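>>> dropping a prediction and its sequence here:
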Amino acid sequence: MAVIVTEANFPERLGGAAVVMEAAQATENLVVIWVDQGFSGDKFAKVIQQLCNEDS
């Protein structure tokens, strides 16, 4: 599990990417990542795939 505390005005998606980057470094296989609707969208999904070294 990864937790990062940020300022209230920190961009939500940037914080989400930072948490996933930390978690990806701590484990070899992230299988499920649960997020709320603030993290939706193809661009955010692509960033997460890249951070997790996924091709698709």
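Structure received. Numbers count the residues shown, from 1 in each chain.

>>> the longest helix anywhere in the chain - what's its average pLDDT?
Taking DSSP state H as the criterion, the chain has its longest helix at helix 12-26. For helix 12-26, mean pLDDT is 85.

>>> residues contacting that helix, please?
1-4, 6, 30, 33, 35, 38-39, 44, 47-48, 51-53 (C-beta atoms under 8 Å, 6 or more residues apart in numbering). C-betas here are computed from N, CA, C, even on glycine.

>>> what do you get for stretch 3-11?
Stretch 3-11 is touched from outside by 15, 18-19, 22, with contacts defined as C-beta under 8 Å, 6+ apart.

>>> one more pass at 10 Å, please.
Contact with stretch 3-11 is made by 12, 14-19, 21-23, as judged by C-beta atoms under 10 Å, 6 or more residues apart in numbering.

>>> which among those residues end up buried?
Among the contacts of stretch 3-11, those classed as buried by 16 or more other C-beta atoms under 10 Å are 16-17, 19, 21, 23.

>>> need the contact list for Val47.
Neighbour list for Val47: 13-14, 16-17, 20-21, 41 [criterion: C-beta under 10 Å, 6+ apart].

>>> for it, give me the pLDDT.
pLDDT, Val47: 87.
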